[in-house]
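*Asks:* Show me the folded form of this:
(one chain, ligands or ions: 1)
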Amino acid sequence: MRDITKKYTNGEVTIIWQPAKCIHSGICFKGLPQVFNPKIKPWIAPLGATTQEIIAQVKNCPSGALSYTLNSDTKS
Ligand code: SF4
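*Replies:* A predicted model of the protein is given here:
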């Protein structure tokens, strides 16, 4: 379980979640419940908010479990 990394993309931004780092603070699903909802699977719905809203929320994750990459970064 330790090294699992999950990725969820809306085509523009990719949300990266590392469950081993998550401290279950609840900040993500209190802040943006339309994207982060641990009661459903998959628990991250990247189409639930705008890319900017997702990035702002990911930056608030206190543990580093959430990070993101912009998909345009990988285009040459
Ligand atoms: S904000 Fe980060 S540490 Fe808190 S529940 Fe969400 S992913 Fe886990």
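*Asks:* so how many other residues sit close to residue 66?
*Replies:* Residues contacting residue 66 under the criterion other C-beta atoms under 10 Å number 22. Glycine gets a C-beta too; all of them are placed from N, C-alpha and C.
*Asks:* Show me which residues of the protein are close to the ligand?
*Replies:* For the chain, the residues in contact with the ligand (C-beta under 6 Å from any ligand atom) are 22-28, 61-63, 65-66.
*Asks:* how distant is the helix or strand in which residue 52 is found from the center of its chain?
*Replies:* Per DSSP states H and E, residue 52 falls inside helix 51-59. In terms of C-alpha atoms, centre = their mean, to the nearest Å, the centre of helix 51-59 is found 8 Å from the chain centre.
*Asks:* Stretch 8-18 now?
*Replies:* 6 Å.
*Asks:* Would you mind pulling the contact partners of it?
*Replies:* 4-7, 35, 42, 44-47, 51, 54-55, 58, 64-72 (C-beta atoms under 8 Å, 6 or more residues apart in numbering).
*Asks:* Just the ones in helices from those residues, please.
*Replies:* 51, 54-55, 58 (DSSP state H).
*Asks:* farthest-separated two in these?
*Replies:* The most widely separated members of the ones in helices among the contacts of stretch 8-18 are 51 and 58, with 10.5 Å between them, by C-beta to C-beta.
*Asks:* Between these two, which has more neighbouring residues?
*Replies:* Remark: of residue 51 and residue 58, residue 58 carries more neighbours, 21 against 15, as counted by other C-beta under 10 Å.
*Asks:* quick one: the more buried one and residue 68 touch, right?
*Replies:* Yes: counting by C-beta atoms under 8 Å, residue 68 is a contact partner of residue 58 at 4.8 Å.
*Asks:* low-scoring stretches of this protein, by residue?
*Replies:* 1-2, 73-76 (pLDDT under 70).
*Asks:* how about a cut-off of 80?
*Replies:* 1-2, 72-76 (pLDDT under 80).
*Asks:* How about the spatially most central residue of it, nearest residue that isn't a chain neighbour?
*Replies:* Nearest to the mean C-alpha position of the chain, counting by C-alpha atoms, centre = their mean, stands residue 15 at 3.9 Å. Spatially, and ignoring its direct neighbours in sequence, residue 15 is nearest to residue 8 (4.6 Å; C-beta to C-beta, 6 or more residues apart in numbering).
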